[in-house]
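> Compute the structure for the input listed below.
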Amino acid sequence: MRGTHAKARVAIFAALIVLLTACGGGGGSSSGSSTATPAGGVHLQIVSFGDSLSDVGTYAPVAGAVGGGRFTTNPGQVWTQNVAQYYGDTLSAAFTIDLAHELKAQSGFGYAQGGSTVATPANQYDFLTDVIGNVEMPVNQQVSSYQSAHGSFNSSQLILVWAGANDVLRAGTLPAAAPTVQTAATTLAQLVGQIVQNGATHVVVVNLPNIGLSPKGLAESDGGANLTQLSQFFNSTLNSALQTDGLQGKVIQVDVYDWLNGIIANFQSNGFTVSNTAQACDPSKTPDDTSLLCSPSTYVTSNADQTYMFADDLHPTTHVHALFAQYVEQQIAASGLGH
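Residues are numbered from 1 along each chain as shown. Prediction:
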């Protein structure tokens, strides 16, 4: 489906990037030197693990050539960046892709990478391979990469964990899909336990949204019913695994499933004109029809990043990310950390 047109785009990207290399790729992530109290009331260093929903720019060195860089309505931020700013930090990518389709370590703490599963290697799937190659680290590798570089976690950090959507999307249909989803959820709980055991005291764990209500889900022959059931199964399994592993009292669980259902049901009162029925990035103008390569020039309307809920058929717009960041901040405050 991507074929020669996608390869030609990659060649164009490469040519453009040659002109842009002086701009650099990575950038650090630190709490900065400012002594002013941030909006969140406490300075925290943010560390993020997960997939495209949290990716702050792993593929930006390539996607930036066409105005993309994150899986949303670019140049808008994703929720992890907003949360980082709220607590006085700046979150940048821990790894970025180069023109040879290889990941290079940077100084950031945003380990989440578009296309990542919980633990399945990238080369077993086909995720925008014409654009980025098979490079994305699963979450278990993201955590081990952090530990190799930094050793342990500490009480001055806020760890954000959100993963499992790609496992659900690639699992197939029930009942055959159940073991794959169950393994992903229980493995994610184990990784959260590993993070806690290695010194983290502030860990946010986000469950899955109702993927069946995404434009992709609605376009399925069953109207998204299978994806809804798999999302629910992942969430119930994750919740049970966190409880079994004695982690529920040690982490901040954020229920994005019910939150997003509520936003969709009340989309107009939340500032949207289009809910989950269409996408902000025009499929006829956006390369590969992916929000990674979406920019203002490919929006369906000039303000689509604020008036639509979905950038492409799966990923939220800038406005949804901003609202979700606020919700996460509220849940963190409710736990007794900051305000």
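
> got any ranges where the chain has weak pLDDT?
In the predicted model of the chain, residues 1-35 satisfy pLDDT under 70.

> try 80
By pLDDT under 80, the weakly predicted segments of the chain are 1-35, 123-126, 130, 133.

> Please, where are all the strands along it?
Taking DSSP state E as the criterion, the chain carries its strands at 45-50, 95-97, 103-105, 157-162, 203-206, 252-254, 274-279, 308-310.

> With mean neighbour count and distance to Ser145 added, can I get those strands in JSON lines?
Quick note: C-beta positions are derived from backbone N, CA and C, even for glycine. Below are these laid out as JSON lines (neighbours: other C-beta atoms under 10 Å; distance: least, C-beta to C-beta, whole Å):
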{"stretch": "strand 45-50", "mean neighbour count": "28", "distance to Ser145": "10"}
{"stretch": "strand 95-97", "mean neighbour count": "24", "distance to Ser145": "8"}
{"stretch": "strand 103-105", "mean neighbour count": "15", "distance to Ser145": "8"}
{"stretch": "strand 157-162", "mean neighbour count": "26", "distance to Ser145": "14"}
{"stretch": "strand 203-206", "mean neighbour count": "24", "distance to Ser145": "18"}
{"stretch": "strand 252-254", "mean neighbour count": "19", "distance to Ser145": "23"}
{"stretch": "strand 274-279", "mean neighbour count": "19", "distance to Ser145": "32"}
{"stretch": "strand 308-310", "mean neighbour count": "27", "distance to Ser145": "30"}
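
> quick one: stretch 238-254 to chain centroid distance?
21 Å (C-alpha atoms, centre = their mean, to the nearest Å).

> Could I get the full set of helices for the protein?
Ranges of helices in the chain, per DSSP state H, are 3-20, 60-63, 79-86, 129-132, 139-150, 165-169, 178-197, 215-219, 225-244, 256-265, 304-307, 318-334.

> same for the fourth one, what does it pack against?
Using 3 or more C-beta pairs under 8 Å, 6 or more residues apart in numbering; DSSP states H and E as the contact criterion, the secondary-structure elements in contact with helix 129-132 are helix 3-20, helix 60-63.
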